[in-house]
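Provided below for reference: sequence and predicted model.
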Amino acid sequence: MELFRLRRTIPFTRHMLVLNLISFVTFLAAVFFLVTRGLHLSIEFTGGTVVEVAYTQPVDLAQVRSAVAGLGYSDVAVQHFGSARDVMLRLPLREGASSSQQTEELLAALRAQDPTVTLRRTEFVGPQVGRELVEGGLLALAFVIGGIMIYLAVRFEWKYAVAAIIANLHDVVIILGFFAFFQWEFSLAVLAAVLAVLGYSVNESVVIFDRIRETFRRQRKMTVREVIDHAITSTMSRTIITHGSTEAMVLSMLIFGGPTLYYFALALTIGILFGIYSSVFVASGVAMWLGIRREDLVKATKKPGEGDDPNAGAVV
């Protein structure tokens with residue numbers, strides 16, 4: 001399905017050098033903020049107390065957050081679970097206060113607003129668990145990257161695998177750089193969004209690489225730059241349909257999903273926008289500079305009799 005078809009090929013490769021230099025500077029800035037500021041990790045990674053409370057009537061989360069803010073907590077995850085009368089809170093570790101003391105202070109503040117609130121469950125997440133989650137998240141990221149490289153190297157050629165991984169890491173590092181610069185909370189949900197962006201971005205790269213291979217087979221007189229320009233131009237309608245519909249859904253979560261889904265949707269929004277850019281300019285540009293050729297993807301076929309020994313059958 002196509003919304004439109006471009007009749008003229010857009011010369012994307014003409015601007016790839018400048019755009020990739022901008023990408024490189026952006027990438028270095030993201031690394032700088034990651035090193036100097038670091039990520040603002042949620043209690044899943046740093047440890048803390050999970051508290052579940054129940055109300056007799058549906059409660060407004062803004063009211064609960066105001067009570068928590070009155071205790072001096074700045075970043076606390078507050079969300080409904082099960083029903084509008086059940087609320088779960090995640091309190092970060094506080095120096096000099098035990099988990100039970102934090103829970104008692106929280107209940108006192110909530111009961112000052114509504115005396116009917118009751119404690120359902122409290123659970124302490126230690127720093128050791130957080131370290132295990134960090135290690136598990138990094139391991140999952142490594143497995144995803146390794147799997148993508150193996151898949152692309154088998155389906156296309158190693159140059160395409162390297163180009164796609166560079167583009168994907170470009171997206172991931174820039175997402176993390178945004179979270180480090182603005183000190184947005186980095187939680188398990190955001191980690192899931194980063195892993196989703198990896199798969200989403202590589203899908204766009206595969207579509208473009210597949211069109212490059214198809215163009216190599218059909219247009220034997222085109223140069224490599226012309227092939228890349230034609231491949232990207234011919235997928236523009238598909239790119240707009242796919243990413244436009246996906247971005248509309250993600251923006252709905254970002255605007256209407258509330259605080260619980262906000263950072264998850266924000267990470268996806270940044271990842272999708274940069275994923276489109278990196279697939280078109282970074283992945284294709286790196287593949288071009290690595291020296292992709294028609295012979296990398298299209299195997300030469302022998303003509304009948306070609307390669308036969310001219311002396312075969314000769315009488316000596």
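That came through, no problem.

Correct me if wrong: residue 144 contacts residue 199.
Yes: between residue 144 and residue 199 there is a contact at 7.3 Å, judged by C-beta atoms under 8 Å. To be clear about C-beta, it is placed using only N, CA and C from the backbone, and glycine gets the same treatment.

more neighbours, the two?
residue 144 (18 against 13; other C-beta atoms under 10 Å).

what kind of secondary structure is the more buried one in?
Put simply, residue 144 is helix when judged by DSSP: H, G, I helix; E, B strand; the rest coil.

and what of residue 53?
Following three-state DSSP, residue 53 is assigned to strand.

So, low pLDDT: which residues of the stretch 51-200 of the chain?
127-130 (pLDDT under 70).

residue boundaries of the strands in it?
Secondary structure of the stretch 51-200 of the chain by DSSP state E, counting those that start in this stretch: the strands cover 77-81, 83-92, 118-125, 185-186.

Output the contacting helices and strands for the strand or helix carrying residue 284.
Using DSSP states H and E, residue 284 sits in helix 284-289. Applying 3 or more C-beta pairs under 8 Å, 6 or more residues apart in numbering; DSSP states H and E, one finds that helix 284-289 makes contact with helix 16-36, helix 158-182, helix 188-218, helix 224-234.

Enumerate the positions of stretch 234-247 that are buried.
Going by neighbour count (16 or more other C-beta atoms under 10 Å), the buried part of stretch 234-247 is 234-236, 238-239, 242-243, 247.

which one is residue 247 nearest to, not counting chain neighbours?
Among residues not flanking residue 247 along the chain, residue 272 sits closest, at 5.6 Å (C-beta to C-beta, 6 or more residues apart in numbering).

how about the helix or strand encompassing the one you found: buried residues?
Secondary structure assigned from DSSP H and E places residue 272 in helix 259-277. Judged by neighbour count (16+ other C-beta under 10 Å), helix 259-277 contains these buried residues: 260-272, 274-277.

do the same with stretch 119-138
For stretch 119-138, the neighbour count (16+ other C-beta under 10 Å) marks 122, 124-125, 130, 133-134, 137 as buried.

Which residues does it contact?
With contacts defined as C-beta atoms under 8 Å, 6 or more residues apart in numbering, stretch 119-138 is touched by 41, 43-54, 86, 93, 99-100, 103, 107, 188, 191.

Can I get that stretch in PDB? Just the C-alpha atoms.
This file holds the C-alpha atoms of stretch 119-138, laid out as PDB (Å, rounded to 0.1, in the frame of the first residue of the first chain):
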ATOM      1  CA  LEU A 119      -2.100  -1.000  54.100                       C
ATOM      2  CA  ARG A 120      -2.300  -4.000  51.700                       C
ATOM      3  CA  ARG A 121       1.400  -4.900  51.300                       C
ATOM      4  CA  THR A 122       4.900  -3.600  51.800                       C
ATOM      5  CA  GLU A 123       8.000  -4.900  50.300                       C
ATOM      6  CA  PHE A 124      11.600  -3.900  50.500                       C
ATOM      7  CA  VAL A 125      13.900  -4.000  47.400                       C
ATOM      8  CA  GLY A 126      17.500  -4.100  48.400                       C
ATOM      9  CA  PRO A 127      20.400  -2.600  46.500                       C
ATOM     10  CA  GLN A 128      21.700  -6.100  45.600                       C
ATOM     11  CA  VAL A 129      18.500  -6.800  43.700                       C
ATOM     12  CA  GLY A 130      19.000  -3.500  41.800                       C
ATOM     13  CA  ARG A 131      22.500  -4.500  40.800                       C
ATOM     14  CA  GLU A 132      21.200  -7.800  39.500                       C
ATOM     15  CA  LEU A 133      18.600  -6.000  37.500                       C
ATOM     16  CA  VAL A 134      21.300  -3.700  36.000                       C
ATOM     17  CA  GLU A 135      23.400  -6.700  35.100                       C
ATOM     18  CA  GLY A 136      20.400  -8.500  33.600                       C
ATOM     19  CA  GLY A 137      19.400  -5.500  31.600                       C
ATOM     20  CA  LEU A 138      22.900  -5.000  30.200                       C
END
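
Appreciated, that's everything.
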